[in-house]
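Engineer: no sequence on this one, just coordinates:
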């Protein structure tokens, strides 16, 4: 299993919208969200982090190939993915429909001798 993480800032004044979005993902749209992640072979978690620069969402993806899974999830054309991408763009200002590089680079791991070369 591999782990990947990505951070998305919440646009100013959008925290209540983000909480509503999360409420939908854990409520009315929970089954669609879980099925989307199962199809991609990944387990997703989100953390809310308040900082002096504003609020951030830390997203983790666990799976055999989280970067591939992320790309697979965001290139899907189903109604749930379209809705999800529209909400993310409105709340975070990020267009997930546009391919992005690997969500993050692992640079330090207490279980390994060297990660960053």
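Structural biologist: Cool, got the structure. Predicted, not measured: the structure shown is a model, and the values here were computed from it.

Engineer: which stretches of the chain form strands?
Structural biologist: Counting by DSSP state E, the chain has these strands, from start to end: 2-9, 42-51, 54-63.

Engineer: in CSV, list these along with distance to residue 16 and mean pLDDT.
Structural biologist: Any C-beta I mention is one placed from the backbone N, CA and C, and that applies to glycine too. Listed next are the strands of the chain as CSV, based on distance: least, CB to CB, whole Å; pLDDT from 0 to 100:
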stretch, distance to residue 16, mean pLDDT
strand 2-9, 15, 91
strand 42-51, 12, 97
strand 54-63, 11, 95
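
Engineer: which one of the ones you listed lies closest to residue 108?
Structural biologist: Shortest distance between residue 108 and the strands of the chain, using CB to CB, is found for strand 2-9: 12.1 Å.

Engineer: what are the buried residues along the closest one?
Structural biologist: Across strand 2-9, burial judged by 16 or more other CB atoms under 10 Å covers 4, 6, 8-9.

Engineer: neighbouring strands for it, and are they parallel or not?
Structural biologist: strand 54-63 (antiparallel) (DSSP bridges).

Engineer: do you know how far the spatially most central residue of the chain is from residue 112?
Structural biologist: What sits nearest the mean C-alpha location of the chain, by CA atoms, centre = their mean, is residue 59, with 4.5 Å. Going from residue 59 to residue 112 by CB to CB, to the nearest Å gives 22 Å.
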